[in-house]
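>>> Fold the following for me, if possible:
(2 chains)
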Amino acid sequence: MKEPSPTQRGAAAEELAVETHGLVKRFGQRAAVDGIDLAVPRGAVFGFLGPNGSGKTTTIRVLLGLASATSGDVRVLDQSMPAALASVLPDVGALVEGPGFYPFLTGPGNLMRLDSADRHALPATRRQRVADALDRVGLTHAAGKKVRAYSLGMKQRLGLANALLRPRELLVLDEPTNGLDPQGTREVRSLVRSLAAGGTTVFVSSHLLAEVEQMCTHVGVMSAGRLVAQGPLAELRSAGQRQVVVETPDAERANGVLARLGLVPAATPDGERPIEARAVMNGGLAGPAPEVIVAALVADGVRVRGFAVEDASLEDRFVSLTGEGFDVVG
Amino acid sequence: MSADTSKPLAPGVRPAVGWSLLGSELSVLFRRLRTWAMLLALAAVPILIAVAVKLSSRPVAPGRGPLFLDRITQNGLFVAVTALVVCVPLFLPLTIGVVAGDTIAGEANMGTLRYLLLAPAGRVRLLLVKYAGAVAFCFAATVTVAASGALVGVVLFPVGPVTLLSGDTIGVGESMLRSLVIAGYITVSLLGLSAIGLLISTFTDVPVGAMAATIVLSVVSQVLDNLPQLDWLHPWLFSHHWLGFADLLRQPIDWTSFGANALLQAGYIAVCGTLAYAKFSNKDILS
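The predicted structure is shown next:
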């Protein structure tokens, strides 16, 4: 079933802001995007993760109608793209592949120019909306400067301001914190959170895991043109293994106890403390309760100095999905 | 398919026809330093001609140099026409090549093309607005040469009734009007070249390449027009009528060359416009 069929999916299914079915984009022989089925729920902050060259930006270009799909269906805000481009895009704010501005115009001059290209934007409120958007990204002080004189971070902020010129239902932000200082990165995170709180769906692409972990509710992971995982952040994390870490001088005896409890001993990462025993809890939450494990350890005379149950970090999960190393996929 | 119909707009928000974008295009074009530099360079051409003629002690022999050069000393009103004759083969195509070649490729190069399309400007609308901007520049460029020529002619030389090619004499006012008609003729002459520039511009993200290609084509067309072996091709070259405005200096005005020129340019606009649309409407914007 490749047909988009919102009626068949039924009322129980969550409403999707972005939806693709079997989306393929080829450049010559090479498939930059190789049959992905995205499902971004409305109101979500969707982190679109993947190493450089995994097809994130190409996917975004196709979603927004800048490039055409080789095959597959795309629906954005319940309308088919690119057929309904003219009625969808006014509700979509976007930052794609970095900011692009006229260097010889000022920041507000650039925003006025881009706003005037939108036939749905009211000219009467243009000046005010531009001022508000600049204020929102903290660029009011640089309003008089030509963009030529802007730093990369300032241009990035101006790009965000452009995406916020009008109230949007969907924001598509491609590497929004690129070139920003830590302060700017934090501001973007809080901006995204406040927009999401207001009901805007946010689609953020990034290769920075920490960033995605901190602001996203849902995650999709791209690798070599394929979507290798997607779902709520918590679900994706818990799909990874949980580990029990026991700090003890009696590592060997501890391992024995853990094995008896049905846990699989795991190698202690190289270079870490030798007085440690690690074991993997299979089946996620289904393992014995932590207090049971500790009681068993203590009953066996293991000197427990520390005990923790660790969730797999998103990074572990990411690496297990996309492979070690951030190799650029040719 | 009912799900695909466009949703109603918020109350009070009606999609405008989009004059805003045209206004913005013109304001961006004419606020740009480059545009002013080119217009100033064009304005300098009649000034150079007039000053050179004024300073030279020898009278210009009739029939030597550019058309009408020998008449300048007798009547300053000929400065404008002479300057236009001088500018048509190279200077005007050079500046038009820069503006027309930059239309789409320049936006792609700055990264603004994707944001204009995401606004959404609409691809067809953007092409039309960009072409309109190039046309406006053609007009501004020719009028700049004519106006600068008229001004410097009035300042440096005696001004009086003009004897036309047909032998009739017209007053100063009417001869100014004729200069304007010639400027209009040359503007029309350059519309085909602008369309060619727009077409080339849709094929590349490198504006300099599109500019150079457009200018080279204008030179090639003129060279071909001068090869008698290719006379069958001449009526189809977009530069064929470029200097054919002498008919506008007769009494009564003979509009045949104006009409033939306009028709030829319209053909180029239609063909290049269609090709540009075909290319641009499906193009993957990867800049």
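>>> The closest residue to chain B within the stretch 201-330 of chain A is in what secondary structure piece?
When scored by Cβ to the nearest Cβ, the stretch 201-330 of chain A has residue A:203 as its residue closest to chain B, at 13.6 Å. The C-beta positions use only the backbone N, C-alpha and C, and glycine is treated the same way. Per DSSP states H and E, residue A:203 falls inside strand A:201-206.
>>> and the residue of the stretch 201-330 of chain A closest to chain B, bridged to which residues?
Beta-bridge pairing of residue A:203 under DSSP bridges involves residue A:46, residue A:172.
>>> Flag every buried residue along stretch B:249-265.
The neighbour-count check on stretch B:249-265 (16 or more other Cβ atoms under 10 Å in any protein chain shown) flags B:249, B:257, B:258, B:261, B:262, B:264, B:265 as buried.
>>> how distant is that stretch from the center of its chain?
17 Å (Cα atoms, centre = their mean, to the nearest Å).
>>> quick one: contacts of the very next helix or strand once past the strand holding residue A:203?
With elements assigned by DSSP H and E, the helix or strand that comes after strand A:201-206 is helix A:209-215. Contacts to helix A:209-215, defined as Cβ atoms under 8 Å, 6 or more residues apart in numbering or on different chains, come from residues A:45, A:47, A:49, A:177, A:185, A:189, A:192-193, A:204, A:206, A:219, A:233, A:313-315, A:318.
>>> Find me the pLDDT at the residue of the stretch 51-200 of chain A found nearest chain B, would you?
Nearest residue of the stretch 51-200 of chain A to chain B (Cβ to the nearest Cβ) works out as residue A:100 at 2.2 Å. Note on residue A:100: pLDDT of 92.
>>> what does residue A:285 give?
49.
>>> go on, residue A:264?
74.
>>> Show me what it bridges to in the sheet.
residue A:280.
>>> Could you give the backbone dihedrals for residue B:138?
phi -50, psi -50 (degrees, to the nearest 10).
>>> just how off-centre is stretch B:140-147 within its chain?
Centre to centre, stretch against its chain (Cα atoms, centre = their mean), the figure for stretch B:140-147 is 10 Å.
>>> got it, and stretch B:95-104?
Distance of stretch B:95-104 from its chain centroid, counting by Cα atoms, centre = their mean, is 10 Å.
>>> Could you see whether chain A lies near that stretch?
No. Against chain A, stretch B:95-104 shows no contacts by Cβ under 8 Å from any Cβ of the partner chain, the least distance being 11.9 Å.
>>> mind listing what the residue in the stretch 101-250 of chain B that chain A sits nearest to touches?
Nearest residue of the stretch 101-250 of chain B to chain A: residue B:111, at 2.2 Å (Cβ to the nearest Cβ). Residues near residue B:111 by Cβ under 8 Å, 6+ apart: A:97, A:98, A:99, A:100, A:101, B:287.
>>> Would you map the helices across the stretch 1-150 of chain B?
Taking DSSP state H, counting those that start in this stretch as the test, the helices found in the stretch 1-150 of chain B are B:19-31, B:33-55, B:78-87, B:91-110, B:112-118, B:123-156.
>>> Likewise for the stretch 51-200 of chain A?
Using DSSP H, counting those that start in this stretch, helices in the stretch 51-200 of chain A cover A:56-63, A:85-88, A:107-116, A:126-136, A:152-163, A:182-197.
>>> Among those, which comes closest to residue B:133?
Nearest to residue B:133 among the helices of the stretch 51-200 of chain A is helix A:107-116 (12.6 Å), distances taken as Cβ to Cβ.
>>> In the lengthiest strand in chain A, which residues are buried?
Counting by DSSP state E, the longest strand found in chain A is strand A:16-27. Of the residues in strand A:16-27, A:16, A:17, A:18, A:19, A:20, A:21, A:23, A:24, A:25 count as buried by neighbour count, 16+ other Cβ under 10 Å.
>>> now do stretch B:267-277
For stretch B:267-277, burial by neighbour count (16+ other Cβ under 10 Å) applies to B:268, B:269, B:272, B:273, B:275, B:276, B:277.
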